[in-house]
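**Q** Mind folding the following:
(4 chains)
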There are 2 protein chains.
Amino acid sequence: MQRDPPAAKFTIVDIARAAGVSIKTVSRVINQEEGVGAETRARVLEIVAAMGYRPNVSARSLSSRRSYLIGVIFMRVGAYHYVGEVQVGAMRACRRAGYHLVVEQVLPPDAVGGVQGFADELRDARFDGVVLTPPTCDDPEVLAAVETAGLPYVRIAPDREFERSPYVFMDDRKAAREQTLRLWNMGHRRIAFIDGPADHGSAARRRQGYIEALRDRGVEPRPEWIAKGEFLSLSGFDATERLLGLPERPTAIFAANDEMAVGALAAAAKHGLSVPRDLSVVGFDDTPTAEAAWPRLTTVHQPTAEMAEAAVEMLIDGFGDERLRARVAARQLDYRLVQRDSAAPPLA
Amino acid sequence: MQRDPPAAKFTIVDIARAAGVSIKTVSRVINQEEGVGAETRARVLEIVAAMGYRPNVSARSLSSRRSYLIGVIFMRVGAYHYVGEVQVGAMRACRRAGYHLVVEQVLPPDAVGGVQGFADELRDARFDGVVLTPPTCDDPEVLAAVETAGLPYVRIAPDREFERSPYVFMDDRKAAREQTLRLWNMGHRRIAFIDGPADHGSAARRRQGYIEALRDRGVEPRPEWIAKGEFLSLSGFDATERLLGLPERPTAIFAANDEMAVGALAAAAKHGLSVPRDLSVVGFDDTPTAEAAWPRLTTVHQPTAEMAEAAVEMLIDGFGDERLRARVAARQLDYRLVQRDSAAPPLA
DNA sequence: AATATTTTCGACAGCGGTGTCAATGGAATC
DNA sequence: GATTCCATTGACACCGCTGTCGAAAATATT
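**A** Residues are numbered from 1 along each chain as shown, chains lettered A, B, ... in the order given. As a prediction, this is how the structure comes out:
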């Protein structure tokens, strides 16, 4: 109508004409609806392929009221490596199903835009569904906005209200337990833990796993072995300084995330301790930091991309089946212990 | 028509009726077209606000042939922190102009999907324009795909063919020069450089800046002071080992990116050198790694988010003015030296 | 005051698909 | 052979907006 078509493509009408059928039949074929004769279907498919036809997304959305767009919501896109991983997985699932991935961020309420800006975006974008990542997946305002918009959503690793929506998760507690036992089985008996922020659910679950493991082995973890941290490398450094100042110095330190583990490595170096000879340090998450650190961190691999992929799958599967939306579903993914160079048996 | 409207919203018809004007007039108002009386415009705007009307994106796209979607293309979304930064900036610009951001990735040709998968996505998604990031912005196949699709595009920090499209960039050479001079001015005279991959344009420009700075000060950089690296921390470690093995050991090391600088820190620790007392190490890029490292890295801040923001702006501005597309435009952004803890004057 | 211009506004035809529903025709049933 | 029944298929309205173009109203010109 108005602008020159960027690349003169075909429309469903062209295909219908070429195949000698109605546009509705073509529509049926490309949407894999039934009720089309095998022969007709084959002919149409052939022509579609030959002419390189691809349906117009806008027209399809307008008519069907689906956008074929999935949104992933982050608190701050720039902040964490996490974000990239999530996108990789989500994109994979989207492509498989013919969806596209739109990235949205909710800025903290004080920032320009804030949650309101997010709500507006939500309405405009007409997502078919959204995936919420931590910590937005536990933000009451964000959840309210999404629910008000009537959008189906799946949460990744939520901290609470597990009945509120479908979600995917990993067993942090169990992973931390295994991570701790790995140190134990190497022979470590004085194992310290660097905790994450108090309001961070997965940090709490990891701490829980650590405690459980020790109790399992008949050891009551001493309070001074659990050092407060903030998930940042500097806090890991400080925490380690405190731990190394203890009368009975730990032989192994388990940091609740990789960044703090890197801080721990630095503190060890400052104290002239060689890792893993004099001190073992293990992390959690398996971010690129873990691989880049020196020595390379022994850690727990969190299947971030896979969780995102699963989340998008659940979402898309749910579209077909309205009941799925109501029914709460959860999907668990497996972690994996990663053995690298920062942990070893303690010196006799 | 078919599914129950998620949240019963208004259409342009409702607004027109409420305002007592034609839908076309409402359309004019919301698109800020001229040719509407001030009074009429005000009335319509008021009703739009009161009823909370937001135009249906699909309908608008179908009719206007614009999708209000901007694509950002990455090689591998998961790999670099870079990706998040770019998205932050791009999203900022998109929101301001009422666009949405879709993330796409081109997988290496050998991967499932590969460049072909990307080309298909391009056609489906009907982007109004795309932003290409390194290294895809120099990939002939990718460029060909984008151009074949007839899409306007802006590149971020391309390495070559600067006439081929508008682009945004930062002066790597000058920044590296300043970074080197900073070390020089601290009193360092034996400054080594850890180079990036041979085919990486910005690495070459940084090396050039390093060389220039030394020549500026009347020093011809010795070949053995320039160590090969691969932008990965391990390669920085190895390079540093070689440099520290030199008869006349350098007092400062300038790594062409932060990751290699982190490797350098590790190598220094292994050699029992305290940074920055015994050895200064500086990086480039100012990724989170720089802040997380121990000691925190003195580096050069690359305005990644701002570059992406500028790229999207150029793209959107170009839509209004067809001539802009043809005309090559470039926009330069400023780097910023970041002073942290890994560099200090050499020991007397 | 009559006419020429300009500004403001609306009718209407698409954009390219999907949903509804009725028509067609061959197989199955009686 | 007439009737009923599915499986196929197509006609057509419609999704909500923008572009075109002509009409009406306001303003300027002579």
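**Q** which residues are in contact with the helix or strand where residue A:24 lies?
**A** Residue A:24 belongs to helix A:23-30 when assigned by DSSP states H and E. Here helix A:23-30 makes contact (Cβ atoms under 8 Å, 6 or more residues apart in numbering or on different chains) with A:12-13, A:15-16, A:19, A:33, A:35-36, A:40-41, A:44-45, A:48, A:55. (Glycine included, C-beta is placed from N, CA and C.)
**Q** and DNA strand D, which of the residues you listed contact it?
**A** Checking the contacts of helix A:23-30 against DNA strand D by Cβ under 7 Å from any atom of the strand, the ones in range are A:35, A:36, A:40, A:41.
**Q** For residue A:289, see how far away residue A:340 is.
**A** To residue A:289, residue A:340 is 12 Å away according to Cβ to Cβ, to the nearest Å.
**Q** More neighbours: which of those two?
**A** Ranked by neighbour count (other Cβ atoms under 10 Å in any protein chain shown), residue A:340 and residue A:289 place residue A:289 first, with 26 against 17.
**Q** hang on, isn't the more buried one packed against residue A:258?
**A** Yes - between residue A:289 and residue A:258 a contact is recorded at 4.8 Å, counting by Cβ atoms under 8 Å.
**Q** follow-up on the earlier one: which residues do residue A:340 and residue A:289 both contact?
**A** Residues touching both residue A:340 and residue A:289 (Cβ under 8 Å, 6+ apart): residue A:297.
**Q** For stretch A:306-318, buried residues please.
**A** Using 16 or more other Cβ atoms under 10 Å in any protein chain shown as the test for burial, stretch A:306-318 gives A:306, A:307, A:308, A:309, A:310, A:311, A:312, A:313, A:314, A:315, A:316, A:318.
**Q** which parts of the stretch 101-250 of chain A sit against chain B?
**A** Residues of the stretch 101-250 of chain A found near chain B (Cβ under 8 Å from any Cβ of the partner chain) are A:101-105, A:113, A:117, A:120-121, A:123-126, A:148-151, A:232-233, A:237.
**Q** circling back to that earlier point, buried set for the helix holding residue A:24?
**A** The neighbour-count check on helix A:23-30 (16+ other Cβ under 10 Å) flags A:25, A:26, A:27, A:28, A:29, A:30 as buried.
**Q** could you point out which element follows it?
**A** helix A:38-51.
**Q** Would you mark the buried spots in that following helix?
**A** Within helix A:38-51, judged by 16+ other Cβ under 10 Å, the buried ones are A:40, A:41, A:43, A:44, A:47, A:48.
**Q** Of the buried residues of stretch A:306-318, which belong to helices?
**A** Among the buried residues of stretch A:306-318, the members found in helices (DSSP state H) are A:306, A:307, A:308, A:309, A:310, A:311, A:312, A:313, A:314, A:315, A:316, A:318.
**Q** Include distance to residue B:178 and pLDDT when you put these into TSV, please.
**A** Listed next are these as TSV, based on distance: Cβ to Cβ, whole Å; pLDDT from 0 to 100:
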residue	distance to residue B:178	pLDDT
A:306	43	95
A:307	43	96
A:308	40	95
A:309	44	96
A:310	47	96
A:311	45	95
A:312	45	94
A:313	49	92
A:314	50	91
A:315	48	90
A:316	50	87
A:318	54	81
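**Q** Which stretches in the stretch 151-300 of chain A count as strands?
**A** Assigned by DSSP state E, counting those that start in this stretch, the stretch 151-300 of chain A shows strands spanning A:153-156, A:167-170, A:191-194, A:226-227, A:252-255, A:280-282, A:299-301.
**Q** How about stretch A:83-103 and DNA strand C, any contact?
**A** No - applying Cβ under 7 Å from any atom of the strand, one finds stretch A:83-103 separated from DNA strand C by no less than 10.6 Å.
**Q** Identify each buried residue in that stretch, please.
**A** Under 16+ other Cβ under 10 Å, the buried positions of stretch A:83-103 are A:83-95, A:99-103.
**Q** go on, stretch A:230-246?
**A** Buried, per 16+ other Cβ under 10 Å, within stretch A:230-246: A:230-241, A:243-244.
**Q** Pick out the most distant pair among these.
**A** A:231 and A:244 (20.1 Å; Cβ to Cβ).
**Q** What segments of the stretch 1-150 of chain A are helices?
**A** A:12-19, A:23-30, A:38-51, A:57-64, A:82-97, A:114-125, A:140-148 (DSSP state H, counting those that start in this stretch).
**Q** With residue B:143 as the reference, name the closest of those helices.
**A** Per Cβ to Cβ, nearest to residue B:143 of the helices of the stretch 1-150 of chain A: helix A:82-97, 21.3 Å.
**Q** Show me what the closest one is packed up against.
**A** strand A:69-74, strand A:100-105, helix A:304-320, helix B:82-97, strand B:100-105 (3 or more Cβ pairs under 8 Å, 6 or more residues apart in numbering or on different chains; DSSP states H and E).
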